[in-house]
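Engineer: Predicted model, plus sequence, below.
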Amino acid sequence: MPQEPYTQPTTPTTKAHAVDPARRGLLQGGLALASGALGAMSMPAHAAEAEFDVVVIGSGAAGMTAALAAAKRGLRAVVIEKAPTFGGSTARSGAGIWIRGNEVLQKAGVRDTPAEAAAYLDAVVGDIVPADRKAAFLAQGPAMISFIIRNTPLRFRWMEGYSDYYPELPGGKPNGASIEPDQFNGNLLGAELANLNKPYLAVPAGVVIFGGEYRWLNLALVSAKGAAVALQAVSRYVQAKLRGEVPLTMGQALAAGLRTGLLSANVPVWLNTPLVDLQFDASGRVTGVIATRDGTPTLVKANKGVIVASGGFEHNLAMRTAYQQQPIGTDWTVGAKENTGDGIRAGLRAGAAVDLMDDAWWGPTIPLPEGPYFVLGERTLPGSIMVNGDGSRYLNEAAPYTEFVHTMYQQVSQGKPITTWMIVDQRYRNRYLFKESAPILALPKAWFDAGVAVKAVTLEGLATKLGMRPNTLVNTVTRFNGFAESGTDTDFKRGKSVYDHYYTDPAVRPNSCLAPLKTAPYYAFKIVPGDLGTKGGLRTDARARVVKSDGSVIPGLYAAGNASASVMGHSYAGAGSTIGPAMTFGYIAANDIADSTA
C-alpha cells in the first residue's frame with residue numbers, strides 16, 4: 001500500500017501454569033450470563049452518539065498504531081481511552097521493539113534473513129501459537145516499522161549488544177535484534193504533552209538516556225564506558241535544553257511520537273472514556289461500542305470495525321485469581337493501573353475464546369513501599385545471588401525475566417514456598433547503583449522498615465533474620481564463591497549464555513556475571529513474581545480478527561497488544577517482544593479492515 005510522507009501538524013519454552021478450573025469457570029460463566037444471547041443483547045441506554053469507520057479501544061502502542069494505519073488508509077478513526085492520559089503501559093516502558101529484519105536494523109548493518117527469524121521464533125515459542133500468526137508477525141513487522149517512520153516524526157536506533165534472550169537457539173542474534181525510539185522532542189505534541197502518561201521509572205534528572213544504554217549507569221563509577229555514557233547523557237540533555245526542546249526517550253518517546261502522528265492525521269483521542277460494552281447488529285456483527293464520555297453513556301458507531309487494544313488484566317484481582325497461579329495479586333505489577341481487562345471481558349461476553357490467561361510478562365520484583373521495582377540489572381551484576389526460603393540457590397539469576405518467574409512458580413508446583421531473596425554484600429553496594437540509590441550511600445530506611453530489605457553483619461545473622469538455617473545460607477554462598485573464582489557456575493550455568501552478560505560488569509573476571517560475596521555487611525531483598533502486564537487475552541487469527549473457540553470469526557472485532565493472546569506464547573524472544581507484536585497486529589488489524597471493506 002502507498003505510504004504518505006510524514007508532515008508536521010500545524011497545531012501544537014515452559015508449560016502453562018496450573019489454574020483452578022472452578023474459579024475460571026465461575027468467572028467465565030458470570031460473563032456469559034451477563035451477556036445474554038448475542039443476537040438480542042440488551043445494551044446500556046445511551047444519551048449521545050458518534051460515528052466513525054474504526055473505533056480503537058486503548059491508546060498504547062497497539063491502539064495508536066492501529067488508528068494511524070486506519071487513517072492512512074482513508075478510514076475515519078477514533079481512539080477511546082479509559083485513563084486521563086494517553087500512552088498506557090507503553091509510555092511507562094523502556095520501549096524496546098523486537099521486529100526482525102526491519103529497515104533500522106538493515107541500515108545498522110545487522111545481517112538477518114526471514115528464514116533465520118522464523119527458525120528462532122519457532123524455537124522460542126514452539127507450536128503453542130499457530131504458524132500463520134507467527135508468519136504474519138514476522139512478515140508484517142518490518143512493514144509496520146517503515147510505515148511508522150514515514151507517517152510520524154519517530155526515528156529509531158538499534159539497541160546494539162542487547163542480545164536476543166535465547167541467542168544460542170537457531171537464528172538467535174547474540175548482538176541483538178531490538179530497536180528503540182531515538183530522542184524525541186516533546187514540544188511537537190504542543191498542549192497534548194501534558195496528557196502523556198508518566199514513565200514507570202523517572203529518568204534521572206539532567207540526563208537523556210536510551211534503554212540500550214541504561215545498563216551503563218549502574219557502572220558509571222567503576223567503568224570508563226559507564227562514565228562516558230553518563231557524560232553523553234548529560235551532554236544530550238544540555239544540548240536539547242539549549243535548543244528549547246523537551247527531550248524524551250524510551251516509552252515516553254514512543255507514545256509521544258505516535259500521538260503526534262495521530263494529530264497530523266486528525267485522529268481524535270478521547271481521554272476519560274472507558275469502554276462499557278460492545279455494540280452488535282442482529283447478525284452478531286460488532287458495529288460499535290458503548291462508552292462513557294464526560295460522564296455520558298455514548299454510542300460510538302464503527303461502520304467498518306472495532307479494534308480492542310485496551311491492555312491486559314494485571315490490575316483486576318478477580319481475573320488474576322481465576323486464571324493465574326497463587327500467590328498472585330495486583331500490587332506487584334508495573335502495568336498501567338487502568339489495565340483491568342475491560343476489553344477482554346467485553347470479548348468474552350461476545351463469545352470470544354481466550355488463550356494464555358495463566359501467563360504474564362513476568363519479572364522478579366521487589367515490593368518496595370513506594371511501588372513495585374522490576375529487577376533487571378541488579379540481579380545479574382556480579383556479587384549477587386538468589387536463594388529460596390531455605391537459603392539455597394535454585395535458578396540462574398541472570399536468566400530472561402519471564403523464565404525466572406516461571407521457575408519461581410515451579411517451586412510452588414513442587415510444594416515449596418515461592419519465597420525468594422536476593423543476597424548481596426557491601427562490595428556490591430560499593431560498586432553499583434541500586435534503583436536510585438548511589439553506591440556506598442545508605443539504602444532508604446523505609447525499605448528496611450517494610451521488611452523488603454534486611455541487613456546483617458554476618459551471613460549467619462542475615463540467615464537468622466530471614467528465618468533460614470545459618471549453615472544452609474553459608475554453604476550456599478561458599479559454593480557460589482567457588483564458582484565465581486573459577487568462572488563457571490556448574491549448578492545453574494549463570495554466565496553461559498551471551499544474554500546473561502548484558503547487565504554485568506566487564507571489569508570482573510573470569511566471568512562478568514560472577515563475583516564472590518565476602519565483604520560485610522550483607523543485604524537481602526525480597527523478590528516476588530511481578531510483571532510488566534499480563535500476556536493472555538482474546539484469541540485472534542493471523543489477520544488479528546477475534547475468534548470463538550470453534551474457530552469462527554466474530555465479524556467486525558479485532559484485537560492487538562495485551563488484550564490479545566501473545567504471539568510469543570509462554571516465552572519471550574528478546575527486548576521488545578511485547579511492543580513489537582502489539583504494534584504489528586494493530587497495523588495488521590487496521591489494514592485488514594481497510595482491505596475487507598474497500
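Structural biologist: Looks like it arrived, so ask away. Numbers count the residues shown, from 1 in each chain.
Engineer: CA only for contacts and neighbour counts going forward, please
Structural biologist: Noted.
Engineer: For burial, what's the neighbour tally of residue 519?
Structural biologist: 15 (other Cα atoms under 10 Å).
Engineer: And it, how far from residue 427?
Structural biologist: 6 Å (Cα to Cα, to the nearest Å).
Engineer: now residue 485
Structural biologist: In terms of Cα to Cα, residue 485 sits 15 Å off from residue 427.
Engineer: cool, residue 276 as well?
Structural biologist: Per Cα to Cα, residue 276 is found 54 Å from residue 427.
Engineer: who does the host helix or strand of residue 238 touch, helix- and strand-wise?
Structural biologist: Assigned by DSSP states H and E, residue 238 belongs to helix 224-242. For helix 224-242, the packing partners by 3 or more Cα pairs under 8 Å, 6 or more residues apart in numbering; DSSP states H and E come out as helix 214-217, strand 247-248.
Engineer: Can you name every helix or strand that the longest one contacts?
Structural biologist: When contacts are defined as 3+ Cα pairs under 8 Å, 6+ apart, helix 214-217 sits against helix 224-242.
Engineer: Assign residue 407 to one of the three secondary structure states.
Structural biologist: Using DSSP: H, G, I helix; E, B strand; the rest coil, the structure places residue 407 in helix.
Engineer: Assign a three-state SS to the closest residue to residue 453 other than its chain neighbours, would you?
Structural biologist: Once flanking residues are discounted, residue 453 sits nearest to residue 525: 4.6 Å by Cα to Cα, 6 or more residues apart in numbering. Secondary structure, three-state DSSP: residue 525 is strand.
Engineer: Tell me who's in contact with residue 525.
Structural biologist: 366, 421, 422, 423, 452, 453, 454 (Cα atoms under 8 Å, 6 or more residues apart in numbering).
Engineer: re earlier: so between residue 485 and residue 427, which is more surrounded?
Structural biologist: Neighbour count, other Cα under 10 Å: between residue 485 and residue 427, residue 427 has more, with 20 against 15.
Engineer: The more buried one contacts residue 522, correct?
Structural biologist: No. Using Cα atoms under 8 Å as the test, residue 427 is too far from residue 522 to be in contact (9.3 Å).
Engineer: where are the low-confidence patches of this protein?
Structural biologist: 1-45 (pLDDT under 70).
Engineer: surely residue 476 meets residue 390?
Structural biologist: No. At 10.1 Å, residue 476 does not count as touching residue 390 under the criterion of Cα under 8 Å.
Engineer: who has more neighbours, the two?
Structural biologist: residue 390 (19 against 16).
Engineer: Kindly provide the distance from the more buried one to residue 46.
Structural biologist: Taking Cα to Cα, one finds residue 390 at 58 Å from residue 46.
Engineer: What's the end-to-end length of stretch 326-343?
Structural biologist: So stretch 326-343: terminal residues 24 Å apart, Cα to Cα.
Engineer: er, stretch 169-185 actually
Structural biologist: Rule used - Cα to Cα; the end-to-end distance of stretch 169-185 is 38 Å.
Engineer: Next: stretch 344-354.
Structural biologist: 8 Å.
Engineer: now that stretch: how far from the chain's centre is it?
Structural biologist: 23 Å (Cα atoms, centre = their mean, to the nearest Å).
Engineer: again with stretch 574-589
Structural biologist: 11 Å.
Engineer: ditto for stretch 267-275
Structural biologist: Here stretch 267-275 is found 22 Å from its chain centre; the criterion is Cα atoms, centre = their mean.
Engineer: Straight-line length of that stretch, end to end?
Structural biologist: Stretch 267-275 end-to-end distance (Cα to Cα) = 18 Å.
Engineer: check contacts around the spatially most distant residue from the centre of the chain.
Structural biologist: Centroid-distance maximum for the chain: residue 471 at 39.1 Å, with Cα atoms, centre = their mean. Residues near residue 471 by Cα under 8 Å, 6+ apart: residue 460.
Engineer: likewise residue 146?
Structural biologist: By Cα under 8 Å, 6+ apart, the contact list for residue 146 reads 102, 103.
Engineer: again, only using 10 Å
Structural biologist: By Cα atoms under 10 Å, 6 or more residues apart in numbering, the contact list for residue 146 reads 3, 102, 103, 104, 155.
Engineer: okay, the residues you listed in CSV with neighbour count and secondary structure next?
Structural biologist: Below are these laid out as CSV (neighbours: other Cα atoms under 10 Å; DSSP: H, G, I helix; E, B strand; the rest coil):
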residue, neighbour count, secondary structure
3, 14, coil
102, 23, coil
103, 17, helix
104, 23, helix
155, 19, coil
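Engineer: Reformat the residues you listed as CSV; add distance to residue 356.
Structural biologist: CSV is the format used below for those (distance: Cα to Cα, whole Å):
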residue, distance to residue 356
3, 35
102, 28
103, 31
104, 31
155, 33
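Engineer: Widest-spaced pair of these?
Structural biologist: 3 and 104 (17.0 Å; Cα to Cα).
Engineer: can you tell me how far the closest residue to residue 597 other than its chain neighbours sits from residue 333?
Structural biologist: Spatial nearest neighbour of residue 597, chain neighbours left out: residue 304 (6.8 Å); criterion: Cα to Cα, 6+ apart. Counting by Cα to Cα, the separation of residue 304 from residue 333 is 35 Å.
Engineer: The two: which is more packed in?
Structural biologist: Between residue 304 and residue 333, residue 333 has the larger neighbour count (other Cα under 10 Å), namely 27 against 24.
Engineer: which ones are touching that one?
Structural biologist: Residues near residue 333 by Cα under 10 Å, 6+ apart: 314-315, 360-363, 365, 367, 371-374, 529-534.
Engineer: now swap in residue 475 and tell me
Structural biologist: Counting by Cα under 10 Å, 6+ apart, residue 475 makes contact with 391, 392, 481.
Engineer: In three-state terms, how would it be classified?
Structural biologist: Residue 475 is classified as helix under three-state DSSP.
Engineer: how about the helix holding residue 238: buried residues?
Structural biologist: 226, 227, 229, 230, 233, 234, 236, 237, 238, 240 (16 or more other Cα atoms under 10 Å).
Engineer: ok, now stretch 196-214?
Structural biologist: For stretch 196-214, a neighbour-count test (16+ other Cα under 10 Å) marks 196-200, 203, 207-214 as buried.
Engineer: What is the burial count for residue 527?
Structural biologist: 27.
Engineer: Cross-check the contact I'm expecting between it and residue 385.
Structural biologist: No. In this structure, residue 527 is not within contact of residue 385 by Cα atoms under 10 Å, at 11.6 Å.
Engineer: Now the common contact residues for these two.
Structural biologist: What both residue 527 and residue 385 touch, as defined by Cα under 10 Å, 6+ apart, is the set 421, 422.
Engineer: need the strands for the stretch 351-500 of the chain, in chain order.
Structural biologist: 354-355, 360-368, 371-374, 384-388, 420-425, 453-456 (DSSP state E, counting those that start in this stretch).
Engineer: still on that earlier bit, could you check how far the residue farthest from the centre of the chain is from residue 248?
Structural biologist: To residue 248, residue 471 is 50 Å away according to Cα to Cα.
Engineer: pretty sure residue 254 is touching residue 185, no?
Structural biologist: No. Between residue 254 and residue 185 there is no contact under Cα under 10 Å: 11.1 Å.
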